[in-house]
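J.: Here is the input, now give the coordinates:
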Amino acid sequence: MSKQVLILIVLLILSGVLVDAFAQTQPSDGHITIEDPADLSKEEAQRIYAGLKDRMSSLYAIADLPAIEGYQSWTLFNDAPYISATHGRRYVNNYANAIAANYAILKEGEKLPAGSVLAKDSITVTGDGRVFPGAMFGMEKLAEGASPETADWRYFMVVPDGSIVGDTTGDNPQLMTYCHECHIGVEDRDFTFYVPEEYRVKE
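T.: Okay, here's the model as predicted:
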């Protein structure tokens with residue numbers, strides 16, 4: 001296990017995320033992974049998220065990150081929370097601020113403007129019915145040339161007590177390097193993933 005992974009686990013334990021020590025393992029992508037996520041219908045996922053979203057917003061706000069302030073008022077691009085394998089098999093949502101208005105329609109080679117922010121909050125729902133707020137995963141497009149090593153994207157992660165696990169422009173940037181390494185796979189879409197087709201909001 002790498003030093004970065006050990007640091008991340010310690011931070012998550014200290015921040016209270018590993019409550020109850022429920023079944024999780026550490027994969028190579030850097031995220032604590034849920035071994036037994038519940039298989040939820042869209043309606044069930046929506047109901048659970050609706051019961052947690054106000055609490056989640058308040059907890060993330062403790063981090064005092066202007067980039068995600070009021071994120072739940074932004075455009076939501078999925079019609080229900082869905083499991084994201086690249087985010088530890090949690091149920092996630094895709095929000096984007098007004099500057100990122102073309103997030104849904106990016107064509108090959110197009111880029112989002114500086115100031116665009118994509119926020120992906122998450123919930124953990126285990127197969128035996130336990131429910132927990134999950135981490136917030138964020139991306140912010142910086143000014144051109146501000147961060148060449150990450151194609152001018154800032155990556156950050158906030159856990160549900162408001163602690164910032166890592167920020168490529170702040171503390172523990174090394175803990176976020178795996179984010180860009182993963183997003184390189186969608187370089188032709190300005191390094192942004194989009195919602196699985198079956199969960200996309202229909203226009």
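
J.: Tell me which residues of stretch 55-67 come out buried.
T.: Buried residues in stretch 55-67, defined by neighbour count with 16 or more other C-beta atoms under 10 Å: M56, S57, L59, Y60, A63, L65, A67. Quick note: C-beta positions are derived from backbone N, CA and C, even for glycine.

J.: Off-centre distance for that stretch?
T.: Distance of stretch 55-67 from the chain centroid (C-alpha atoms, centre = their mean, to the nearest Å) equals 13 Å.

J.: Report the beta-bridge partners for the closest residue to D171 other than its chain neighbours.
T.: Leaving aside its sequence neighbours, D171 sits nearest to I164 (C-beta to C-beta, 6 or more residues apart in numbering; 6.4 Å). Residues in a beta bridge with I164, per DSSP bridges, are V158.

J.: Please determine how far I164 is located from Y103.
T.: 23 Å (C-beta to C-beta, to the nearest Å).

J.: where do the strands sit along the chain?
T.: Counting by DSSP state E, the chain has strands at residues 24-25, 33-34, 75-76, 82-84, 90-92, 95-96, 117-120, 122-125, 131-133, 136-141, 153-158, 164-167.

J.: As TSV, those strands with mean pLDDT would be great.
T.: Converted to TSV, the strands of the chain look like this (pLDDT from 0 to 100):
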stretch	mean pLDDT
strand 24-25	36
strand 33-34	76
strand 75-76	98
strand 82-84	95
strand 90-92	96
strand 95-96	98
strand 117-120	98
strand 122-125	95
strand 131-133	94
strand 136-141	98
strand 153-158	97
strand 164-167	95
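
J.: Could I get the contacting residues of the most centrally placed residue in the chain?
T.: Per C-alpha atoms, centre = their mean, the C-alpha nearest to the average position across the chain is that of F137, at 2.5 Å. By C-beta atoms under 8 Å, 6 or more residues apart in numbering, the contact list for F137 reads H87, V92, A119, K120, D121, S122, Y155, F156, M157, C179.

J.: and those residues as JSON lines, adding distance to E44 and neighbour count?
T.: JSON lines is the format used below for the contacts of F137 (distance: C-beta to C-beta, whole Å; neighbours: other C-beta atoms under 10 Å):
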{"residue": "H87", "distance to E44": "19", "neighbour count": "21"}
{"residue": "V92", "distance to E44": "15", "neighbour count": "24"}
{"residue": "A119", "distance to E44": "23", "neighbour count": "25"}
{"residue": "K120", "distance to E44": "20", "neighbour count": "23"}
{"residue": "D121", "distance to E44": "17", "neighbour count": "28"}
{"residue": "S122", "distance to E44": "16", "neighbour count": "24"}
{"residue": "Y155", "distance to E44": "30", "neighbour count": "24"}
{"residue": "F156", "distance to E44": "29", "neighbour count": "27"}
{"residue": "M157", "distance to E44": "26", "neighbour count": "25"}
{"residue": "C179", "distance to E44": "29", "neighbour count": "25"}
